[in-house]
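> Structure, please.
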Amino acid sequence: MSRSSNSGCRVVRPGDTYAGKQGLTYFEGIAAETVGSKGICMHLLTIPPGARAKAHLHESHETAIYILAGEAHTWFGDRLEEHVIVKAGEMFYIPAGVPHLPANLSDKPCSAVIARTDPKEQESVVLLPELDALVPA
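Model (predicted):
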């Protein structure tokens, strides 16, 4: 069996950041834009104390979150009527098309690994400004 010396494998050392439509700053990671991925993206996110995202959903793409440190409150559902607290060492799954709004209500940063089935990380983000006021600031 012959193998190509250029397999497409890449190491990404998070350093550069970008502002997501959701209102948070992400560390660049695995995405179509950085490594040419075709079916997945994975990024690091640190939510500062007291910060929150804008209400949004990801059309046709699933999201998996692993909390590295701290805890995140997330409201989800059609009217953000459901609420969960995800703590360090726990994982959270969000199906495609489900509105959600994550927040860090603590006085410590919350860091997470976020993976989506959308290789173009921001392409499927749909902001839902009509839901933002449903979660107290």
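> can you give me the helices for this protein?
Residue ranges of the helices in the chain, as given by DSSP state H, are 32-35, 129-132.
> Alpha carbons of the first one, as CSV, please.
Output of helix 32-35 as CSV, limited to C-alpha atoms (Å, rounded to 0.1, in the frame of the first residue of the first chain):
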residue,chain,number,x,y,z
ALA,A,32,-12.8,24.5,6.8
GLU,A,33,-11.1,27.8,7.0
THR,A,34,-8.1,26.7,8.9
VAL,A,35,-7.4,23.1,7.8
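> Could you give the separation of the least confident helix or strand in the chain by mean pLDDT from the chain centroid?
Ranked by mean pLDDT, DSSP states H and E, the helix or strand of the chain with the weakest confidence is strand 17-19, at a mean of 84. Relative to its parent chain, strand 17-19 has a centroid offset of 12 Å by CA atoms, centre = their mean, to the nearest Å.
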